[in-house]
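Q: Model the following, please.
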Amino acid sequence: MEANPTTDYASASLATSSPSKILQSRPREKVEEGQTREIELPTDHDDVVAAYIEYLYAKSLTVDRTIEGRTDFHLLARLYCFGEKVLDDAFCNAVMANMVAGMDSRDVMGEFSYPTVEAIRIVYEGTPAGSPMRRFVIEMYAQRMSKDWASVEGAPVEFMVELVGEMCRVRSAPGPHGPVGRRVGKWLKEKK
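A: Numbering: from 1, shown residues only. The predicted structure follows:
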C-alpha cells in the first residue's frame, strides 16, 4: 500500500494525548494567520496513521489478522517504524506485544507464522541499529528458523550478518571436534 498524502485526519487532541515528543511540540508552535496546526505525514501509510490515532484514543492496539488467519507482520513493521519516527515508546511496545502474540498464535492451517523478509526489510529501513525490533527479529529467526522456513533471499545484508552472528551465539551444541580429516568424506563430491 502506498503512502497517501491526501488523507486528512481530524483529531482535536492528537498532539495533547500523544506521548510523542514530536507531535506534542508541533501544534504548540505559534500559528500565524492563514496557517493551520496540521502535521504533515506525507510518507506514512493511511492504515498506519489511522492505527496510531486509534491507539491514542483507545490506549490499546489491535491488528486484524489476514484472511488466512495470519498476523499482518508487514503492517506491524510499519507501525513500529512509525512509533520510532514519532518517538512514542509506549506505542512501539504495544506493536511489539502484537508482534510477539502473532508469532505465538497459529493460522487457520494450524501453523505458526513469523515476520517475512518484506517485514524485516521494513524494520531495517525504518529503525536504527540496535533497535529492540531488530533484536527481536534476529533472535526469533536465530532460535526458530529451520530449513522448512521460506527463503531469506532479499533480506537486508545487515540482517543476514546479524543473523549469522546470533545463530552462532545461540546454537545449543557445538559441532564435533577433533581432526577434520576424519570427516572429509562428508564434503567430497564422490564418496570414497
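Q: for the chain, longest helix please?
A: Of all segments of type helix in the chain, defined using DSSP state H, the longest is helix 89-104.
Q: Beyond that one, next helix or strand please.
A: Proceeding N to C from helix 89-104, the next assigned helix or strand is helix 117-126, under DSSP states H and E.
Q: Next secondary structure element downstream of that following helix?
A: Going down the chain from helix 117-126, the next helix or strand is helix 132-144, by DSSP H and E.
Q: name the helices or strands packed onto the next helix or strand after that next one?
A: Sequence-wise, the next helix or strand downstream of helix 132-144 (DSSP H and E) is helix 157-170. For helix 157-170, the elements it packs on are helix 117-126, helix 132-144, judged by 3 or more CB pairs under 8 Å, 6 or more residues apart in numbering; DSSP states H and E. The way it works is simple: take the backbone N, C-alpha and C, and place the C-beta from them, glycine included.
Q: which of those has the lowest average pLDDT?
A: The stretch with the lowest mean pLDDT among the helices and strands packed on helix 157-170 is helix 132-144, at a mean of 91.
Q: if we can go back for a sec, columns distance to Ala97 on top of the helices and strands packed on helix 157-170, output as JSON lines?
A: Output for the helices and strands packed on helix 157-170, formatted as JSON lines (distance: least, CB to CB, whole Å):
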{"stretch": "helix 117-126", "distance to Ala97": "16"}
{"stretch": "helix 132-144", "distance to Ala97": "11"}
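Q: I'd like these as JSON lines, with mean neighbour count and distance to Gly154 appended.
A: Formatted as JSON lines, the helices and strands packed on helix 157-170 follow (neighbours: other CB atoms under 10 Å; distance: least, CB to CB, whole Å):
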{"stretch": "helix 117-126", "mean neighbour count": "19", "distance to Gly154": "5"}
{"stretch": "helix 132-144", "mean neighbour count": "17", "distance to Gly154": "14"}
